[in-house]
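Q: please work out how this folds:
(chains A and B)
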Amino acid sequence: DIQMTQSPSSMSASLGDRVTITCQASQDIGNNLIWFQQKPGKSPRPMIYYATNLANGVPSRFSGSRSGSDYSLTISSLESEDMADYHCLQYKQYPWTFGGGTKLELK
Amino acid sequence: EVQLVESGGGLVQPGRSMKLSCAASGFTFNNYDMAWVCQAPKKGLEWVATISYDGSSTYYRDSVKGRFTISRDNAKSTLYLQMDSLRSEDTATYYCARAPGGYWGQGTLVTVSS
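A: Okay, here's the model as predicted:
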């Protein structure tokens, strides 16, 4: 199975900060990765698909990048509405696997 | 507008069965693979199963193989998850999603407890 190691598991940041969350894949997944945002009691919302593409309606302060087996979600200037859990998903190979999640809180 | 609406969750005793449904609308259902993803309370997301657009192929995580069955009725635009021999560790909110995750339902909570 492909392991997705997500870091950090939690972090606190201030409004306006630049925030980066990373998932490292244990095997090649190409760009078959999605980043999700999930708020309490809500369904996951896709933010970035195919590793680097912004999903419809997602603010441009969000971006996705890839360096080898490391995939990153970056928020360029944190806003209060961005406080949420973030998850990565690889769907290159079954079983699909999620990262462990990152809880982003306001400092 | 794409909509996925799950139903069928609730409280069930260990060892019993439960069947979840997911009614899809707003897109051509039989053009898309569909998936179930679960989330135990206060835990991360876990992929459960995927079915191909025509139902010819199915894939499961190891912990549910032989106990859960994913199926679909394209005429009714509905996805199903038959869950047998339920265990306490199956307690979770179950989401249906248009694979690989572009659209999600609101989720339905399954609680396995005596």
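Q: distance of the residue nearest the centre of chain B from A:Gln93?
A: Nearest to the mean C-alpha position of chain B, by CA atoms, centre = their mean, lies B:Trp36 at 3.6 Å. In this view, B:Trp36 and A:Gln93 are 18 Å apart by CB to CB, to the nearest Å. Heads up, the C-betas are built off the backbone N, CA and C, glycines and all.
Q: and for A:Ser69?
A: To A:Gln93, A:Ser69 is 14 Å away according to CB to CB.
Q: next, show the common contact partners of the two.
A: With contacts defined as CB atoms under 8 Å, 6 or more residues apart in numbering or on different chains, the residues shared by A:Ser69 and A:Gln93 are A:27, A:29.
Q: give me the mean pLDDT for stretch B:47-55.
A: For stretch B:47-55, the mean per-residue pLDDT is 98.
Q: buried set for that stretch?
A: Of all the residues in stretch B:47-55, those buried under the rule 16 or more other CB atoms under 10 Å in any protein chain shown are B:47-51, B:53.
Q: didn't A:Gln90 look like it was pressed against A:Trp96?
A: Yes. Because the distance of 6.5 Å satisfies CB atoms under 8 Å, A:Gln90 is recorded as touching A:Trp96.
Q: tell me the pLDDT of residue 97.
A: In the absence of a named chain, this looks at chain A. Looking at A:Thr97, its pLDDT is 98.
Q: right idea, wrong chain: chain B
A: At B:Ala97, the pLDDT recorded in the model is 98.
Q: ok, the residue nearest to A:Ser7 when sequence neighbours are not counted to chain B distance?
A: Sequence neighbours aside, A:Thr22 is the residue nearest to A:Ser7 in space, at 5.5 Å (criterion: CB to CB, 6 or more residues apart in numbering or on different chains). Distance from A:Thr22 to chain B, counting by CB to the nearest CB, to the nearest Å: 16 Å.
Q: beta partners of A:Thr22?
A: Per DSSP bridges, residues listed as beta-bridge partners of A:Thr22: A:Ser7, A:Ser72.
Q: list the residues that contact it.
A: A:6-7, A:70-73.
Q: residues from chain A in reach of chain B?
A: Contacts of chain A with chain B, taken as CB under 8 Å from any CB of the partner chain, map to A:32, A:34, A:36, A:38, A:43-46, A:49, A:55, A:87, A:89, A:91, A:94-101.
Q: buried only: go through those residues for me.
A: For those, a neighbour count by 16+ other CB under 10 Å gives the buried set as A:32, A:34, A:36, A:38, A:43-46, A:49, A:55, A:87, A:89, A:91, A:95-101.
Q: quick check: buried residues in the helix or strand containing A:Thr20?
A: For A:Thr20, the host element (DSSP states H and E) is strand A:19-25. Of the residues in strand A:19-25, those with enough neighbours to count as buried (16+ other CB under 10 Å) are A:19, A:21-25.
Q: out of the residues you listed, flag the one nearest to chain B.
A: Distance ranking of those against chain B, using CB to the nearest CB, places A:Cys23 first at 12.1 Å.
Q: ranges for the strands of chain A?
A: A:4-7, A:10-13, A:19-25, A:33-38, A:45-49, A:53-54, A:62-67, A:70-75, A:84-90, A:97-98, A:102-106 (DSSP state E).
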